[in-house]
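1. Structure for the following, please:
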Amino acid sequence: QLLEKGQLVFEAKHVKKSGEIFPVEINANIIEQGGEPVILAVVRDISERKNSEREREKLEDQLRQAQKLESIGRLAGGVAHDFNNMLGVIIGRTDMIMDDVMSSPFHDDLLEIHKAASRSADLTRQLLTFARKQSVSLQVLDLNEKVADIYTILRRLIGEAIELSWQPCGNLWSVKMDPGQVDQILTNLCVNGRDAITGTGRIVINLGNIVVPPDHEFRAQGVTPGQFVVLTVTDNGCGIEKEVLDNLFEPFFTTKATGRGTGLGLATLYGIVRQNHGFVEVKSSPGRGSRFSVYLPRCEAIGRQAAETVIPWLPPKKNMTVLLVEDEPAILTMTEAMLKRLGFQVMAVESPQKALALAAEATASIDILLSDIVMPEMDGWQLAEKIAVLHPGICRVLMSGYTEEIAGVTKMVAEKGVYFIQKPFTKHELSSKLGMIIMSE
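-> The predicted model follows:
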């Protein structure tokens with residue numbers, strides 16, 4: 001080819017004196033010297049260029065992966081929202097039936113259905129939180145209680161072939177962090193352990209208190225010595241190679257087969273722990289399993305957040321009227337039934353335009369607007385503003401299953417005097433919210 005074209009550029013591999021192999025680019029030309037054709041070859045080390053190309057390809061792969069995850073998050077959020085609506089109907093209907101059959105032998109069965117639906121609603125809330133990237137809400141927590149809350153979910157997540165073991169720790173110190181982040185840590189570590197186990201195996205969750213001294217091995221990470229709660233998850237899986245341990249918490253780094261891992265699980269865990277001023281210790285070797293220890297700073301339990309006050313139900317005053325607006329037929333009829341059982345007169349419609357027409361034609365006053373937020377034609381906020389013009393003294397309550405909206409609700413409620421209730425809700429939760437409104441008016 002060189003003789004035909006007179007010039008040839010190609011890549012090859014050369015060996016240094018040290019034995020190291022490196023890439024080169026060879027630019028060969030035929031020139032004349034002393035009247036004779038000779039080959040002049042320029043050899044250039046292209047290691048840096050190759051490294052840059054690999055880095056660019058890696059970044060492009062990461063970008064594609066991030067875009068894929070964003071699309072999955074949006075899809076998951078939409079599916080979870082619709083699923084949440086259906087769970088709301090199941091929870092609401094069983095709640096009302098249970099009130100009617102208190103002494104029936106079927107009451108216990110209904111209670112189990114109600115519990116299962118409530119647990120499913122908790123799962124969809126977690127999925128919505130992931131999909132919408134909700135900001136953190138710090139609370140003082142007892143990790144014993146958090147592990148107990150999520151234990152059944154973890155048990156189902158890892159499968160029947162793997163034993164999950166955990167015992168509460170006595171006199172455990174408290175920590176201050178977002179409860180959802182604790183769920184993420186436990187889920188990521190247990191799924192990681194599950195994927196490391198072939199066939200049957202065991203995952204153990206341990207909790208404890210520890211005092212980290214000033215000369216501890218993690219001081220180079222900027223970890224402040226002091227009192228920590230340590231959450232440890234141990235598995236008897238395949239273990240981790242030393243070379244892999246160095247990159248374990250890098251985003252998009254994974255040793256799992258294509259399609260089985262995103263490379264974000266442990267990176268997310270590390271980010272959560274560092275955000276909460278803790279650190280992670282990993283001990284593992286091939287064939288001997290892995291142990292992940294998450295250290296979280298101790299927080300004094302003083303001022304632990306109390307549960308939300310439940311307002312006792314107060315009967316509506318003077319046959320109060322509620323204008324109910326919900327575009328999902330099953331939720332519309334279920335909520336209408338709840339309100340009637342609570343003693344309200346109900347005007348139920350499935351669209352904002354019908355609600356406005358009904359409000360304009362009403363000769364008597366409408367006391368409460370209870371409306372979904374996300375609807376066709378116009379959203380709940382716009383409807384609430386227009387209804388207030390027609391009925392100036394009306395109390396406005398908006399409802400939604402979208403976790404994403406909760407972050408913006410507080411500010412809008414404060415500015416516009418609107419109440420909010422999250423779906424799915426029970427009859428008792430709805431009565432508590434409306435009872436609070438009645439008391440405040």
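2. any idea where the helices of the stretch 151-300 of the chain begin and end?
-> Ranges of helices in the stretch 151-300 of the chain, per DSSP state H, counting those that start in this stretch, are 179-196, 242-245, 265-275.
3. among these, which is nearest R396?
-> helix 179-196 (28.9 Å; Cβ to Cβ). All C-beta spots, glycine's among them, are computed from the backbone N, C-alpha and C.
4. List just the one of the helices of the stretch 151-300 of the chain that sits closest to R44.
-> Of the helices of the stretch 151-300 of the chain, nearest to R44 by Cβ to Cβ is helix 242-245, at 30.5 Å.
5. re the thing from before, turn the helices of the stretch 151-300 of the chain into CSV, including mean neighbour count, distance to L323 and mean pLDDT.
-> Formatted as CSV, the helices of the stretch 151-300 of the chain follow (neighbours: other Cβ atoms under 10 Å; distance: least, Cβ to Cβ, whole Å; pLDDT from 0 to 100):
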stretch, mean neighbour count, distance to L323, mean pLDDT
helix 179-196, 21, 34, 88
helix 242-245, 11, 60, 76
helix 265-275, 18, 43, 75
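6. Is M347 located within a strand, as I assumed?
-> Yes: note on M347: a strand contains this position according to DSSP: H, G, I helix; E, B strand; the rest coil.
7. quick one: it and L358 touch, right?
-> Yes: in this structure M347 lies within contact range of L358 using Cβ atoms under 8 Å: 5.8 Å.
8. Overlap of the contact sets of these two?
-> By Cβ atoms under 8 Å, 6 or more residues apart in numbering, M347 and L358 have these common neighbours: L323.
9. Can you lay out the helices of the stretch 151-300 of the chain as JSON lines showing distance to F10?
-> As requested, the helices of the stretch 151-300 of the chain are exported to JSON lines (distance: least, Cβ to Cβ, whole Å):
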{"stretch": "helix 179-196", "distance to F10": "43"}
{"stretch": "helix 242-245", "distance to F10": "32"}
{"stretch": "helix 265-275", "distance to F10": "39"}
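10. between these, which gets nearest to V15?
-> Among the helices of the stretch 151-300 of the chain, helix 242-245 sits nearest to V15 (Cβ to Cβ), with 23.6 Å.
11. picking up where we left off before, I'd like to know which of the helices of the stretch 151-300 of the chain is closest to I387.
-> helix 179-196 (34.3 Å).
12. and that closest one with helix 265-275, angle?
-> 150 degrees (axes from the mean of the first three to the mean of the last three Cα atoms, to 10 degrees).
13. Now G6. Its backbone dihedrals?
-> phi 90, psi -20 (degrees, to the nearest 10).
14. Could you count how many residues lie near it?
-> 12 (other Cβ atoms under 10 Å).
15. Spit out the contact partners of it.
-> Contacts of G6 by Cβ under 8 Å, 6+ apart are N29, I30.
16. How about L370?
-> V322, L323, L324, V325, T335, L339, V397, M399.
17. Just the buried ones from the residues you listed?
-> V322, L323, L324, V325, T335, L339, V397, M399 (16 or more other Cβ atoms under 10 Å).
18. Three-state assignment for the residue found closest to R44 once you drop the neighbours it is linked to in the chain, please.
-> Once flanking residues are discounted, R44 sits nearest to E25: 4.9 Å by Cβ to Cβ, 6 or more residues apart in numbering. Here E25 is recorded as strand under three-state DSSP.
19. Test for you: state the pLDDT assigned to E25.
-> Listed pLDDT for E25 reads 94.
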